[in-house]
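Undergrad: any chance you can model this:
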Amino acid sequence: MADIFIGRQPIFDQNMNVFAYELLFRNDGKSSDARVIDGDSATSQVLMNCFVDIGLENLVGSNKAFINLTKTFLSNPDLILLAPADQLVLEVLEDIEPTDEIINALTLLKKRGFTIALDDFIYDSKFDPFIVISDIIKIDITALNNEEIIKHVKKLKSYNLKLLAEKVETYEEFEFLKELNFDYFQGYFFSKPKVITAKSISPNQLAVLNLVARVNDPEVEVDELSKIISTDVSLSHKVLKFINSPVSGLRTKVDSIQQAVVLLGLSTIKNWVTIMALAAGSTKPVELGTTALVRARCCELLGKSMGLAKPDSFFTVGLFSSLDAMMDQPLDVLLKELPLSEDSMSALLEQKGIFGEALNCTLSMERNDFGLVSFGELGLTELSDIYLQAIHWADGLSDSF
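TA: Predicted structure coming up:
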């Protein structure tokens, strides 16, 4: 069986809603650079796994999916004839020349209903035929300075297309790009914090942190935990909604918080109160909550797959790795408010220890840094399967937010 890694990076619109996902599959765990592997093979794996083995719906739901296509596939458009045209965005890589053959193929694919995007675009007049055909142009903002980005926007906005800024990594970049009226945004900024020094925690955020801290206190008991949850109507509703859903694993309905805590156990309820409280207290996109769940579940499965102790701690480390993004505060400041063990703190702040190794492996798969993907004696196929399980599990619980 071939080793396949699945990267799924969200693409947001101007209102911070998820517009699409870029799907990045690789068949070589030694490098994240697609140029060092067989591009045609990688594209084949993308299409095979999307439409046969895994299913596009399981990967992106009803959202659009961006997929890179090599020259071979663009030269043979019938190879993707069975793909759902209304859901796929076909990315033309930057090294593909605008030959008559490719231009004719793109024209045909667009007529069939596919959305056409130019990847890592840097303007050159030779690409004018591509621009006319394209629906979306992706601009790697790390490849251009601000003045060059402005020139690109002025040039391209005269065409009937959308602009997507990729590799957005800071709040300042995001604000600058919004002012230029980019339509879509992609990058680590949307899953990393906007760090502002010397900013105090707002009262609402402090209340959320106090709740999370109390719930995660090792000394908290069933009765007290039930009372904590019951004092918040919204939180109580969300917890019961989750517990009464098929994904909770319970075969009986429950109608009280205390009954739920007893049936599921303290550790499970603690984790869910935590993620729901953070999601409720955050103004960030729901996708960040899903990201936290994917990380938490992936770390937990990594620990379990190696037969390691404290699976709940693996889950907690993955869960809190997104705390800074949700609360717009530096992670070290936020963690001071929580009763975490030294091992968990070290894992979150420095990615040290066995928990840190699991988190680093998870983040590497999330970011497509495949040269860093490693955990214990697990093979690449096992790691890929674990990450995919985590994605499916988190997506199944998205309605709990």
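
Undergrad: contacts and neighbour counts: CA atoms only from here.
TA: Noted.

Undergrad: what segments of the stretch 1-150 of the chain are strands?
TA: Secondary structure of the stretch 1-150 of the chain by DSSP state E, counting those that start in this stretch: the strands cover 5-13, 18-26, 64-69, 88-92, 115-118, 136-140.

Undergrad: reformat those strands as TSV; add distance to Q258.
TA: Listed next are the strands of the stretch 1-150 of the chain as TSV, based on distance: least, Cα to Cα, whole Å:
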stretch	distance to Q258
strand 5-13	37
strand 18-26	36
strand 64-69	41
strand 88-92	46
strand 115-118	51
strand 136-140	51
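
Undergrad: can I get the CA coordinates of the helix or strand hosting L177 in PDB?
TA: Here L177 is covered by helix 171-179, with elements defined by DSSP states H and E. Output of helix 171-179 as PDB, limited to C-alpha atoms (Å, rounded to 0.1, in the frame of the first residue of the first chain):
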ATOM      1  CA  TYR A 171      -2.200  40.300  11.200                       C
ATOM      2  CA  GLU A 172      -0.500  43.300   9.600                       C
ATOM      3  CA  GLU A 173      -0.300  41.300   6.300                       C
ATOM      4  CA  PHE A 174      -3.900  40.400   6.500                       C
ATOM      5  CA  GLU A 175      -5.000  44.000   7.100                       C
ATOM      6  CA  PHE A 176      -2.900  45.200   4.300                       C
ATOM      7  CA  LEU A 177      -4.300  42.700   1.900                       C
ATOM      8  CA  LYS A 178      -7.900  43.400   3.000                       C
ATOM      9  CA  GLU A 179      -7.300  47.100   2.200                       C
END
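
Undergrad: quick check: what element follows it along the chain?
TA: Sequence order places strand 184-186 as the next helix or strand after helix 171-179, per DSSP H and E.

Undergrad: what lies in contact with the strand or helix carrying S344?
TA: If you go by DSSP H and E, S344 is part of helix 342-350. With Cα atoms under 8 Å, 6 or more residues apart in numbering as the test, helix 342-350 has contacts from 313, 317, 320-321, 331-332, 335, 352-357, 359.

Undergrad: from the residues you listed, which ones fall inside helices?
TA: If you go by DSSP state H, these have S313, V317, F320, L331, D332, L335, G353, I354, F355, G356, E357, L359 in helices.

Undergrad: in ChimeraX, select just the buried ones from those residues.
TA: Those of these that count as buried under 16 or more other Cα atoms under 10 Å are selected in ChimeraX with:
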select :313,317,320,331,335,354,355,356,357,359
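
Undergrad: now, which of the ones in helices among the contacts of helix 342-350 sits nearest K111?
TA: L359 (44.2 Å; Cα to Cα).

Undergrad: by mean pLDDT, flag the weakest helix or strand of this structure.
TA: helix 203-215 (a mean of 56; mean pLDDT, DSSP states H and E).

Undergrad: and the helices in the stretch 201-350 of the chain, which stretches?
TA: 203-215, 222-230, 233-243, 257-264, 266-280, 286-305, 311-320, 323-327, 331-335, 342-350 (DSSP state H, counting those that start in this stretch).

Undergrad: average model confidence for the third one?
TA: Model confidence over helix 233-243 averages 59 on the pLDDT scale.

Undergrad: so of the strands of the stretch 1-150 of the chain, which one's packed in deepest?
TA: Stretch with highest mean neighbour count among these: strand 115-118 (a mean of 25; mean count of other Cα atoms under 10 Å).

Undergrad: list the helices and strands it packs on?
TA: Judged by 3 or more Cα pairs under 8 Å, 6 or more residues apart in numbering; DSSP states H and E, strand 115-118 is in contact with strand 88-92, helix 128-133, strand 136-140.

Undergrad: what's near enough to touch D119?
TA: With contacts defined as Cα under 8 Å, 6+ apart, the neighbours of D119 are E91, V92, L93, E94, I137, K138, I139.

Undergrad: how's this protein carved up into domains?
TA: Here the domain parsing of the chain from automatic domain parsing is 5-191, 203-400.

Undergrad: which of those has the lowest average pLDDT?
TA: When I compare these, domain 203-400 is least confident, with a mean of 74.

Undergrad: hang on, the earlier thing: residues of the helix holding L177 that come out buried?
TA: Y171, E173, F174, L177.

Undergrad: does the third one touch V168 like I think?
TA: Yes - contact criterion Cα atoms under 8 Å: F174 and V168 qualify, at 6.5 Å.

Undergrad: tell me the contacts of the residue lying closest to L108 once chain neighbours are set aside?
TA: By the measure of Cα to Cα, 6 or more residues apart in numbering, the closest residue to L108 outside its immediate chain neighbours is P77, 7.8 Å from it. Counting by Cα under 8 Å, 6+ apart, P77 makes contact with A105, L108, L109.

Undergrad: which element is A390 on?
TA: Secondary structure from DSSP H and E places A390 in helix 380-396.

Undergrad: packing partners for that helix?
TA: strand 5-13, helix 56-60, helix 286-305.

Undergrad: L380: which of the ones you listed is closest?
TA: That would be strand 5-13 among these, by Cα to Cα, at 8.1 Å.

Undergrad: return the distance of E350 relative to A325.
TA: 17 Å (Cα to Cα, to the nearest Å).

Undergrad: and D100, by the same measure?
TA: For D100 relative to A325 (Cα to Cα), the value is 46 Å.

Undergrad: please identify which of those two sits among more neighbours.
TA: The neighbour comparison of D100 against A325 (other Cα atoms under 10 Å) goes to A325, with 23 against 10.

Undergrad: I'd like to know how far C298 sits from I386.
TA: Note on C298: its distance to I386, by Cα to Cα, is 6 Å.

Undergrad: which of those two has more neighbours?
TA: Neighbours were counted for C298 and for I386 using other Cα under 10 Å; C298 has more, 31 against 19.

Undergrad: tell me the contacts of that one?
TA: Taking Cα under 8 Å, 6+ apart, one finds F315, G318, T362, I386, Y387, Q389, A390 in contact with C298.

Undergrad: and the nearest residue to the second one once chain neighbours are set aside, how many neighbours?
TA: Same thing as G318. Spatial nearest neighbour of G318, chain neighbours left out: A296 (3.8 Å); criterion: Cα to Cα, 6+ apart. Neighbourhood size, A296 [other Cα under 10 Å]: 28.
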